[in-house]
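J.: next one to model:
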Amino acid sequence: MLAAGCGSTPASNLYTLSAVPGPAAGSADLSVAVGPVSVPAAVERPQIVVTMGPNQVWLDEFNTVREETAGKGYDALAAAHRRALARLSQDIANAVRALDGGGAR
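T.: Numbering: from 1, shown residues only. Got it, this is the predicted structure:
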């Protein structure tokens, strides 16, 4: 048992989501600020949690942004997360522009 504890630990691989180049942002009088965010344990999950009524929620497993991986391994998974986050960010930006009356650009 002592010999088993002396084995080497596999190397750690760390990944980060880098920014995706996109169109230059136009100027607008609208600004959005996001303050500190906390996620309640009941909704800290990969599915979209939709409130259906005062005491009911529905978990939507199939309409969270989905992106295919281009291969196997964590590097392909991190790249897919980056692309999915870029799509989600663009969807949010388009929705904010629509609120300002500018529509999606």
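
J.: C-alpha only now, for contacts and for neighbours.
T.: Noted.

J.: could you list the low-pLDDT ranges of the chain?
T.: For the chain, the stretches flagged by pLDDT under 70 are 1-7, 12-17, 24-26, 48, 63-64, 102-105.

J.: show me where it has helices.
T.: Here the chain has its helices, by DSSP state H, at 74-99.

J.: excluding sequence neighbours, find me the nearest residue to the most centrally placed residue in it.
T.: Geometric centre of the chain, nearest residue: L85, 4.5 Å, by C-alpha atoms, centre = their mean. Sequence neighbours aside, V65 is the residue nearest to L85 in space, at 8.0 Å (criterion: C-alpha to C-alpha, 6 or more residues apart in numbering).

J.: burial count for the one you found?
T.: For V65, the count of nearby residues is 14 (other C-alpha atoms under 10 Å).

J.: list the contacts of it.
T.: Counting by C-alpha atoms under 8 Å, 6 or more residues apart in numbering, V65 touches A84, L85, R87, L88.

J.: my guess is the first one meets E68, correct?
T.: Which is A84. No. Between A84 and E68 there is no contact under C-alpha atoms under 8 Å: 9.1 Å.

J.: comparing the two, which residue is more hemmed in?
T.: A84 (17 against 12).

J.: list the contacts of the more buried one.
T.: A84 touches V65, R66, E67, counting by C-alpha under 8 Å, 6+ apart.

J.: let's see 10 Å
T.: Counting by C-alpha atoms under 10 Å, 6 or more residues apart in numbering, A84 makes contact with T64, V65, R66, E67, E68, A78, Q90.
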